[in-house]
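*Asks:* Here is my input, please return the structure:
(one chain, ligands or ions: 1)
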Amino acid sequence: MIELKYGASRAEPRHDAAMQRFREHRVGQFIHWGLYSLPAGRWEGKDVEFAAEFLPRVAKIPQQRWEALANDFTLADFDPQRWADTAVALGARYMTITTKHHDGFCLWPSAHTDFHMGNTPSGRDVLAELIQAYEARGIDVNFYYSVLDWRHPDWRFRLENDADNLAFARYLDFAMKQLEELAERYPSVKGFWFDGTWDESVKANGWWTWEVERMLKARIPGVVVNSRLRADDLGARHVDSNGLLMGDYESGYERRLPEPWDHSVAARDWEACMTIPQASWGYHQGPWAQSTLKHPWDVVDMIAHCTSLGGNFLLNFGPRGDGSMAPAEVEIATRVGEWLAVNGEAIYGCGFAEGWDYPGWGYFTRSGSGEVFAVVTRAPASGRIRLRLPAGLALADVRLLGKGLLGSGTYPFKRLADSLYEVEFGGRQIEGAGPLVFAVETCALAGPVSAKEPNPDVLD
Ligand code: LM5
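*Replies:* Sure thing, here's the model as predicted:
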C-alpha cells in the first residue's frame, strides 16, 4: 500500500441511497450543446469530418470568430419541455448536460467569465429551465464540466516553468470557483461528470481533483462524481496507485464498451457514454455524421450489454444550434424507449447475473430481487437459443416479456443436459419489436422440489 493523500476515499462501492438511485437508473441521456451546435461541423461551406465540438481546433478558427457565434445563439427553437419529452421517450432516468465544454463557453451566467449564455441574445438561464423541466418528470440532472479550457489564458497543457505553475494555479482557482457557483446556483444537481482531465498539468495537481470532489460532496449531500475527474498524488488517473477507484464510478468507457465476458468489470460501478453518430458529440449536420447514425436495436444491445455488467449507459444527443432536438435522434430515442417500455424489467435496477456465462446471442441480466433475464439481441436464424444455467439449477419456466412470434407468456424449452436447455422462440422476431427478452425461472436441479412445478413443455 502506497501512502496517498489524494487517492481513493474508499475501497468498496458506495451504498447510500443517492448512489443506489444512480446505479439503478441504467439509462441516461447525455446532452452536448454549445456554440459548436451552430456551425454543426461545417465551416466556410466545408464539412469538417471530425467531432463537431472540436471544430474551432480542427478548422483553426480565430478566437474572435468563434466567440461571435454567441450573437447567433438566439435559442429561437429552444423548449426545455421538448428535450425532457425526448428523455421520457427514450426511457432515460437521468440526464447529463455540458455546462462548459473545451471551448470554455458556459451554459450558465457565470460571474467568473463573460463567455456565457447570459450574454447571448436571449440571456436565458437554460440550466435552470432544464432542471425544472426534467425534474418535473422525475429525471435527475447531472452536470458535465470540462476542466480543459482552450480559451482561458491561464490554461496549460504542461507546466514547464514557474510562470506556467502560477498561471495554472490561477486556472484551477477559476475552475473551482465555477464549480462552487454551479453547486450553489443549482443545488438539486445529482452528479458531476468531469472531462478534459488527461493533460500533464492536471495530472500534476491531483490534490485539486481531490479537493473538487470533497467540495462538491460537502455542498451537495449524495452528489455522485465520475472517476474521470480524479488523479492521485502520483498522477494516476481514475484508479489510484493502489488500484482503488477514485470518485464514485468508473467513467473511462467513451464510445466503447467493456468486453461482454469480462466479469471483473462488474465489481465496480461504471458508466459508458456513446454517440448516436459514429464519432460526434455536438450536432454534426454533414453526411460524415448523419450517414452513421446507430440503429435503435444496436442501442438496445449496448444498453443490455452495460446492464449485464452492472454499468449505466449514457446515450448522447446533440441538439441543434436553434435549440431544437435533431429529428433523427428523437426517432431513435422513441424506438429505444418503446422497447424499454416493454422490456425495461430486464434493465432498470438490474445488473450482473453471477454464474450465468456470456451466451453470445445476447446478455443475461439480474434484477435486485434475483430474477434472471435473457436479452436476445442477436437471435439465431434457427429460432432456438441455448440456455446454460449455473451448475445445480434446473429450468422451471421461460416467460417472454411483451409479444413474440409464438405469442406472449410461457415459452417451450427442452433439456439437453444437466443445466443446459434449448428454448424455441419461433424464428426471427416480429418486425419492429426488437430484441426478445425472456424472464428465466430456475429451481434446484436435485433435492427438494421447488415451490414452482416444472414447465409441462419440458420434453426430456
Ligand atoms: C478525442 C478526439 C476526438 C474527439 C474526442 C476525443 C476525446 N473526448 C473528448 O474530448 C470529449 N469527451 C466526450 C464525452 C465529449 O465531450 C468529447 O468532446
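*Asks:* Show me which residues of this structure are close to the ligand?
*Replies:* Applying C-beta under 6 Å from any ligand atom, we find that the chain lies next to the ligand at 51, 53-54, 195, 254, 273, 281. Where C-beta positions appear, they are placed from N, C-alpha and C, glycine not excepted.
*Asks:* Just the pLDDT at the single nearest residue of the stretch 101-250 of the chain relative to the ligand, thanks.
*Replies:* Ranked by C-beta to the nearest ligand atom, the top residue of the stretch 101-250 of the chain for proximity to the ligand is residue 195, at 4.8 Å. Predicted confidence (pLDDT) for residue 195: 99.
*Asks:* Kindly report the same for residue 430.
*Replies:* In this prediction residue 430 is given a pLDDT of 85.
*Asks:* One more: residue 77?
*Replies:* At residue 77, pLDDT is 98.
*Asks:* can you check residue 459 too?
*Replies:* Note on residue 459: pLDDT of 46.
*Asks:* now do residue 86
*Replies:* For residue 86, the pLDDT comes out at 99.
*Asks:* For the ligand, see how far away it is.
*Replies:* Computed as C-beta to the nearest ligand atom, to the nearest Å, the residue 86 to the ligand distance reads 19 Å.
*Asks:* quick check, that residue in a helix?
*Replies:* Yes - checked against DSSP: H, G, I helix; E, B strand; the rest coil, residue 86 lies within a helix.
*Asks:* doesn't residue 228 make contact with the residue of the stretch 101-250 of the chain closest to the ligand?
*Replies:* Yes - with contact defined as C-beta atoms under 8 Å, residue 195 counts as touching residue 228 (6.2 Å).
*Asks:* Next, give phi and psi for the residue lying closest to the residue of the stretch 101-250 of the chain closest to the ligand once chain neighbours are set aside.
*Replies:* Counting by C-beta to C-beta, 6 or more residues apart in numbering, residue 195 lies nearest to residue 146, which is 4.7 Å off, once chain neighbours are set aside. When quoted as degrees, to the nearest 10, the phi and psi of residue 146 stand at phi -90, psi 120.
*Asks:* what's in contact with the one helix or strand residue 374 maps to?
*Replies:* Using DSSP states H and E, residue 374 sits in strand 372-376. Residues from elsewhere that reach strand 372-376, judged by C-beta atoms under 8 Å, 6 or more residues apart in numbering: 304, 308, 343, 345-346, 350, 353, 356, 359, 361-367, 385, 387, 401, 423, 425, 435-442.
*Asks:* Any idea how far it is from the middle of the chain?
*Replies:* Chain-centre distance of strand 372-376: 21 Å, with C-alpha atoms, centre = their mean, to the nearest Å.
*Asks:* Likewise for stretch 382-389?
*Replies:* Per C-alpha atoms, centre = their mean, the displacement of stretch 382-389 from the mean C-alpha position of its chain is 30 Å.
*Asks:* Please export the C-alpha coordinates of it as PDB.
*Replies:* Provided in PDB are the C-alpha atoms of stretch 382-389 (Å, rounded to 0.1, in the frame of the first residue of the first chain):
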ATOM      1  CA  SER A 382     -32.500 -21.300 -36.100                       C
ATOM      2  CA  GLY A 383     -35.200 -19.900 -33.900                       C
ATOM      3  CA  ARG A 384     -33.600 -21.500 -30.900                       C
ATOM      4  CA  ILE A 385     -31.200 -20.400 -28.200                       C
ATOM      5  CA  ARG A 386     -29.300 -22.400 -25.700                       C
ATOM      6  CA  LEU A 387     -29.500 -21.500 -22.000                       C
ATOM      7  CA  ARG A 388     -26.600 -22.700 -19.900                       C
ATOM      8  CA  LEU A 389     -27.700 -22.400 -16.300                       C
END
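*Asks:* Which positions within it qualify as buried?
*Replies:* The neighbour-count check on stretch 382-389 (16 or more other C-beta atoms under 10 Å) flags 384-385, 387, 389 as buried.
*Asks:* For my notes, please list those residues in a markdown table and give secondary structure for each entry.
*Replies:* Shown next, in a markdown table, are these (three-state DSSP):
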| residue | secondary structure |
| --- | --- |
| 384 | strand |
| 385 | strand |
| 387 | strand |
| 389 | coil |
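*Asks:* circling back: filter the contacts of strand 372-376 down to the ones in helices?
*Replies:* 304, 308, 343 (DSSP state H).
*Asks:* Next, format these as CSV and append neighbour count.
*Replies:* Formatted as CSV, the ones in helices among the contacts of strand 372-376 follow (neighbours: other C-beta atoms under 10 Å):
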residue, neighbour count
304, 28
308, 28
343, 24
